[in-house]
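J.: structural data only, the sequence is not supplied:
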């Protein structure tokens, strides 16, 4: 990304997306216990 591509907050439009996450999963292997599902299926539109 070039510096001239970066928008200031005042220049951003409501439709500009900063972050979009779909079906986020984070699992940890726990010895002797199996899998820990810390996050499973989270969406941040």
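T.: Thanks, I have the structure now. Just so you know, these numbers come straight off a predicted model, no measurement behind them.

J.: what is the spatially most central residue of the chain paired to in the beta sheet?
T.: For the chain, the residue nearest the mean C-alpha position is residue 21 (4.3 Å; CA atoms, centre = their mean). On the basis of DSSP bridges, residue 21 is bridged to residue 44.

J.: surely it and residue 41 touch.
T.: No. Applying CB atoms under 8 Å, one finds residue 21 not in contact with residue 41, separated by 10.8 Å. To be clear about C-beta, it is placed using only N, CA and C from the backbone, and glycine gets the same treatment.

J.: thinking again about what came up before, how about the residue nearest to the centre of the chain, what does it touch?
T.: With contacts defined as CB atoms under 8 Å, 6 or more residues apart in numbering, residue 21 is in contact with 42, 43, 44.

J.: can you count the residues close to the closest residue in space to the first one that isn't next to it in sequence?
T.: Of all residues not flanking residue 42 in the chain, residue 24 sits nearest, at 4.4 Å (CB to CB, 6 or more residues apart in numbering). By the other CB atoms under 10 Å criterion, the neighbourhood of residue 24 contains 11 residues.

J.: quick check, residue 24 in a strand?
T.: Yes. The assignment for residue 24 by DSSP: H, G, I helix; E, B strand; the rest coil puts it in a strand.

J.: please report how far it lies from residue 45.
T.: Residue 24 sits 12 Å away from residue 45 when distances are taken as CB to CB, to the nearest Å.
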